[in-house]
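K.L.:
task: produce atomic coordinates for the following.
(2 chains)
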2 protein chains.
Amino acid sequence: MTAVETSPLIRKLSAFATLSTGETALMQRLHRRRKTFVSGRDLVHQGQSEQAAYILAEGWVCSYKLQADGSRQIVDFQIPGDFLGLRSLMLRVSDHSFEPIGSIQASEIMRDELLDTLGRSPRLAAAILWAASRDEAMVVEHLVSVARRDADVRLAHFLLELSARLALVGIGGREGYACPLTQYHLADALGLSAIHVNRILRRLREDRLVTFRGGIVRFDDYDRLLERADFDPAYLDHGGPVLG
Amino acid sequence: MTAVETSPLIRKLSAFATLSTGETALMQRLHRRRKTFVSGRDLVHQGQSEQAAYILAEGWVCSYKLQADGSRQIVDFQIPGDFLGLRSLMLRVSDHSFEPIGSIQASEIMRDELLDTLGRSPRLAAAILWAASRDEAMVVEHLVSVARRDADVRLAHFLLELSARLALVGIGGREGYACPLTQYHLADALGLSAIHVNRILRRLREDRLVTFRGGIVRFDDYDRLLERADFDPAYLDHGGPVLG
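P.N.:
You can find the predicted model right below:
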C-alpha cells in the first residue's frame, strides 16, 4: 500500500465507497500540492473570494465565523481527512475562516480540479457529497447542542464525536486520543465560558468518565460516558461502504 | 417555457450554473413522482433507513431533530426548490425529520436516481453540491444566531434570510412574502420562547421595520432592518452563475 492509499481522506471516503485503483489515483491527484501552515495565520478568510480549498493531512484546524462586534463562534474542528473550505469552494465567497491549531499539512485544491474530478468519477462525486452531508450533520448536532443540551452533556457529546471521527481515520478510539485543543477552544465551540468548561471537565474526571489533561483525552469509562451524553453516532455514518 | 423549466429547483440551481436543455431534462426526470403531503405526518423520520429524498415544489416544510427527552429543535425550514433529506439520502440513516407545514407537493427521489444523475452530468453534480453547501451555510448561520446573536437580531436575521431565499425562487422580495409559520415555529427554530418572539415582533413592528401578521411578512423599512440585523447575504451565494 502506498502512502496515498492510506491518506486519511481516502480512508474516510472508504467508509462510503470501496474505491477502485483508478478512483484512488484520481484522489491522489488532489493531494499533489501539499503545504505546511502554522497557527496564527488563517488558511481561508471569511469574505475571501477565489479561494482554494484544502485536504487536511496532518494536524487540527478550527473553522469559525467572526461577528460584527469582533467575537467569534467556532463552527467545527477539522481533523486529518477533512476538507477545509469545500463549502466555500462552491460558494463564491468564503462564509467562514480556517485557522491551523499548531503546525498542519494540507493539500491545496482549486474549484476546477474538484469539478474535473466530479466529472471523471460520479462515484467520487457521490463520496464527496457524502462527506459534505456528514459535515453538515455535525454542524446540525452542534446547533442542537448549543440550543438544547445541558453543558455537561454538550461537552461529553463533543468529546465522543471527536473520538468517533478520529477512529474512522485511524488516530483514536475507545481508549482516547491526542487532542491539541485548549479549554478556550472548547468554550468557543460550545458556547460556554472557559471557567465553566474547566468545572465540567473536573466533574467528568471525578465521576471517572473521561480525563482531559496534558493534550490527551482518556476515556475512563467509555460506555458510561456514551450513556451520559446520550450519544448516538448514526449521523457520522460509519457503517461501512454503501457503494461496493 | 414549460412548467418544468420554471420549477423552483431548476430556477435555484440556475443561480449556480446556466443549465442546458439536456441538463434541464435530467432534472425534469427527478420531478416525475410528485406527491401531496399534509401536515401532521412526517415525510422522513429521524432514524429511518432506506428513505427517499424529495424536491419541494409547493409549500413549506420544517426539518427538526428530536431529543431523548422529547423536545425538538427545528434546524431549518424548506421552501419550494429545496431538497428534503438530500443529506439523509447519502447518510444511511436519516439524522432528522421533515414535517409539512400545511399541504405541500414534493417529488420523490431515490439514491440510485440521484447517483445516476450525478453520473450523467458533472455540472449538475457540482450544482447539487452547491445547493448542499448553501444548506450547510444556512445551518452555520443558525448556529451562530443561537449561540451569539441577541434575540431581536436573531429574529430579524431569520426573516431576512427567508426573504432572500424566497426571492431566488421568485416568491418574495424586498416588500415581503407570504409566510405560513407560527410564532411557535419561530420560537423553536430560534431557541426563544413564543412569548419572547411575540414581544420582539411587536418591537420590530413599532420600530416600523417589519410587520408579521395574518401570514404575511411585510418589510416596512428593508434597508434599516438589514442594518439592524447586520445581515450579509453572501453565504446564500446569489451572485449569478459561476458555471456559464
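
K.L.:
which one is the residue nearest to the spatial centre of chain A nearest to, not counting chain neighbours?
P.N.:
The residue lying closest to the centre of chain A (Cα atoms, centre = their mean) is A:Gln78, at 3.1 Å. Using Cβ to Cβ, 6 or more residues apart in numbering or on different chains and skipping residues adjacent in sequence, the residue nearest A:Gln78 is A:Val61, 4.2 Å away. Just so you know, the C-beta spots here come from the backbone N, C-alpha and C atoms, and that holds for glycine as well.

K.L.:
is the one you found in a bridge, and if so with what?
P.N.:
A:Gln78, A:Pro100 (DSSP bridges).

K.L.:
which stretches of chain A have low pLDDT?
P.N.:
For chain A, the stretches flagged by pLDDT under 70 are A:1-5.

K.L.:
re earlier: hmm, the residue nearest to the centre of chain A is touching A:Glu58, no?
P.N.:
No - here A:Gln78 lies out of contact with A:Glu58, judged by Cβ atoms under 8 Å, at a distance of 11.5 Å.

K.L.:
is it correct that the residue nearest to A:Gln78 is in contact with A:Leu43?
P.N.:
Yes - A:Val61 is within contact range of A:Leu43, at 7.2 Å (criterion: Cβ under 8 Å).

K.L.:
who touches both of these two?
P.N.:
By Cβ atoms under 8 Å, 6 or more residues apart in numbering or on different chains, A:Val61 and A:Leu43 have these common neighbours: A:Leu84, A:Phe98, A:Glu99, A:Pro100, A:Ala106.

K.L.:
and A:Trp60, what does it touch?
P.N.:
Contact analysis of A:Trp60 by Cβ under 8 Å, 6+ apart lists A:Phe77, A:Gln78, A:Ile79, A:Pro100, A:Ile101, A:Gly102, A:Ile104, A:Pro180, A:Leu181.

K.L.:
pull out the buried residues from those.
P.N.:
When burial is judged by neighbour count using 16 or more other Cβ atoms under 10 Å in any protein chain shown, the buried members of the contacts of A:Trp60 are A:Phe77, A:Gln78, A:Ile79, A:Pro100, A:Ile101, A:Ile104, A:Leu181.

K.L.:
longest helix of chain A?
P.N.:
As assigned by DSSP state H, the longest helix anywhere in chain A is helix A:122-148.

K.L.:
checking the closest residue to A:Arg72 other than its chain neighbours next. Helix, strand or coil?
P.N.:
Closest residue to A:Arg72 apart from its sequence neighbours, by Cβ to Cβ, 6+ apart: A:Tyr64 at 4.6 Å. Under the three-state scheme (DSSP: H, G, I helix; E, B strand; the rest coil), A:Tyr64 adopts strand.

K.L.:
just checking, A:Tyr64 touches A:Ile101?
P.N.:
No - between A:Tyr64 and A:Ile101 no contact is recorded; they are 11.4 Å apart, counting by Cβ under 8 Å.

K.L.:
and the closest residue to A:Val38 other than its chain neighbours, how many neighbours?
P.N.:
Nearest residue to A:Val38 in three dimensions, chain neighbours excluded: A:Ser103, at 5.1 Å (Cβ to Cβ, 6+ apart). Each residue near A:Ser103 was counted by other Cβ atoms under 10 Å in any protein chain shown, and the total is 11.

K.L.:
report how many residues lie close to the residue nearest to A:Gln78.
P.N.:
By the measure other Cβ under 10 Å, the count of residues near A:Val61 is 26.

K.L.:
now do the contacts for it.
P.N.:
Counting by Cβ under 8 Å, 6+ apart, A:Val61 touches A:Leu43, A:Phe77, A:Gln78, A:Asp82, A:Leu84, A:Phe98, A:Glu99, A:Pro100, A:Ile101, A:Ile104, A:Ala106.
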